[in-house]
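Asker: 3D model of this:
(one chain, ligands or ions: 1)
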Amino acid sequence: MATRFVLNTGAKMPAVGLGTWQSDPGVVGEAVYAAVKAGYRHIDCARAYNNEKEVGLALKKLFEEGTVKREDLFITSKLWCGHHAPEDVPEAIGDSLNDLQLEYLDLYLIHWPFRVKKGTSINNPENYIPPDIPATWGAMEKLHDAGKARAIGVSNFSSKKLGDLLSVARVPPAVNQVECHPGWQQSKLHAFCQSTGVHLSAYSPLGSPGSTWMNGNVLKEPVVLSVAEKLGKTPAQVALRWNIQMGHSVLPKSVSEERIKQNLDVNDWSIPDDLLAKFSEIKQVRLLRGNFIANPDSVYKTVEELWDGEI
Ligand code: A2P
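Answerer: Numbering: from 1, shown residues only. The predicted model follows:
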C-alpha cells in the first residue's frame, strides 16, 4: 500500500502525485493515463498549466475502462492570479472542473500570493493589483462548504503569509504546495507547517532538471548520488524518498512511462538515519525565485518581499 499523508480535514493524500506543470497538452494525457495504470492515485493540475482538458480526457478514459473510480483518485487544481476576486472564484473552479470532467476536486489551492487584473498577463507589471488573500480565502471556504473542493489550501506561501492566513481563516488551509527538494529543503517552512498542522507538498521535487524556469542540479548533487549508489536506487528516487521521510508529499513530473514507474517506487524502502543526516550538507538554493513577480511597480518590489526573507 502506497504511503498516504493525513490532511487536517481527515482526508488521505497519496504521498506521490504526478506533476503536470510543463507537460505539453499533446503528451500530458498519455502521462496521466500511464501513471494511473502504473498505480498513481494522485494528480496535480492547475488552470495555468493549460492542459486540464487533456488531463480530463485521460481521466474519462480511465473511468470508462474501469481502471479506477473517481473516489480512488486525489485530484488537485489551482486558482490562477487573475481570478482572485471573490466573485470570480466559483467561475475559476467551474472552468477547471469542466475541463477535468469532474464534479469536485480533492484539493483546490490559491496558486500564488499575488494578483493580476482578470484576463491579463503576469508578464506586465501594470497588470498587478494588491492581493486580498482573506477575501479570496473566504470564497475558497465557500467552495469547501459546497463540497466542490473537499480540501482547500495555498501554494507558494512563505511562513509569514501562511501564518497571516491561519490567523483569519475559518477553514484552515490543509496544504501549502511549494518548491522543495534536497537542494531547497524549506527548513523554516517545514517546521512552521508541522507546528500548525498544514501539510507541505513538494513541487519540483527533482529540481526540474532541464526546465527553462529552474534547471536544478539536484540529481547530480554528490550527497544524492552517493546515497543512491549505496542504496541501489536512482538519484531521482533518493530525492523523492528524502521528501517523503520529511513528511512531505511529492509531485514529480514525467512524461516517460519508465520514469513515471520509477518515481512511484519510493514507498517500501527508507534512507537510513546516518545517510539522511548527510542531506544537511547540501548547499541550499531556491530555484524558482519569482523574479518575474518582483518589480518596483508591483506589490512585491523584491524577491525578498515575495518570500518574506525566506530566500
Ligand atoms: P521527463 O518528463 O522526460 O521524464 P520536477 O518534477 O522536479 O519538475 O522534474 C521534472 C523533470 O525531471 C522533467 O524534465 C522529467 O523529464 C525529469 N524526470 C522525471 N523523472 C525523472 C527520473 N526518474 N530521472 C531523471 N529525470 C526525471
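Asker: mind checking how far the residue of the chain most remote from its centre is from the ligand?
Answerer: Residue farthest from the centre of the chain, counting by C-alpha atoms, centre = their mean, is residue 230 at 29.4 Å. Between residue 230 and the ligand the distance, using C-beta to the nearest ligand atom, to the nearest Å, works out to 18 Å. Just so you know, the C-beta spots here come from the backbone N, C-alpha and C atoms, and that holds for glycine as well.
Asker: for residue 93, same thing?
Answerer: Relative to the ligand, and taking C-beta to the nearest ligand atom, residue 93 is found at 25 Å.
Asker: ok, now residue 138?
Answerer: 32 Å.
Asker: circling back to that earlier point, helix or strand for the residue farthest from the centre of the chain, which one?
Answerer: helix 222-231 (DSSP states H and E).
Asker: which stretch of helix or strand covers the residue nearest to the residue farthest from the centre of the chain when sequence neighbours are not counted?
Answerer: Nearest non-adjacent residue to residue 230, counting by C-beta to C-beta, 6 or more residues apart in numbering: residue 275, 6.6 Å away. Per DSSP H and E, residue 275 falls inside helix 273-276.
Asker: Contacts for that helix, please.
Answerer: 227, 230, 231, 242, 245 (C-beta atoms under 8 Å, 6 or more residues apart in numbering).
Asker: which residues does residue 172 contact?
Answerer: For residue 172, the contacting residues are 8, 166, 196, 197, 198, by C-beta under 8 Å, 6+ apart.
Asker: Now find how far off-centre the helix holding residue 230 is within its chain.
Answerer: Distance of helix 222-231 from the chain centroid (C-alpha atoms, centre = their mean, to the nearest Å) equals 26 Å.
Asker: And it, what does it pack against?
Answerer: Contact analysis of helix 222-231 by 3 or more C-beta pairs under 8 Å, 6 or more residues apart in numbering; DSSP states H and E lists helix 235-245, helix 273-276 as its packing neighbours.
Asker: Would you mark the buried spots in it?
Answerer: 223, 224, 227, 228, 231 (16 or more other C-beta atoms under 10 Å).
Asker: From those, pick the one nearest residue 282.
Answerer: Checking the buried residues of helix 222-231 against residue 282 by C-beta to C-beta gives residue 223 as the nearest, at 5.4 Å.
Asker: Quick check, the closest one in contact with residue 183.
Answerer: No: using C-beta atoms under 8 Å, residue 223 makes no contact with residue 183, being 9.8 Å away.
Asker: Pull up the overlap in contacts between the two.
Answerer: residue 282.
Asker: ok, the residue farthest from the centre of the chain to residue 276 distance?
Answerer: Distance of residue 230 to residue 276, given as C-beta to C-beta, to the nearest Å: 12 Å.
Asker: I'd say residue 30 and residue 61 touch.
Answerer: No: using C-beta under 8 Å, residue 30 is not in contact with residue 61, being 10.5 Å away.
Asker: Return the residues of the stretch 101-250 of the chain in contact with the ligand.
Answerer: Neighbours of the ligand within the stretch 101-250 of the chain, by C-beta under 6 Å from any ligand atom: 204, 205, 206, 207, 208, 209, 210, 219, 234, 236.
Asker: Which of those are buried? Put it as a PyMOL command.
Answerer: To isolate the buried members of those in PyMOL, using 16+ other C-beta under 10 Å:
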select buried, resi 204+205+206+207+208+219+234+236
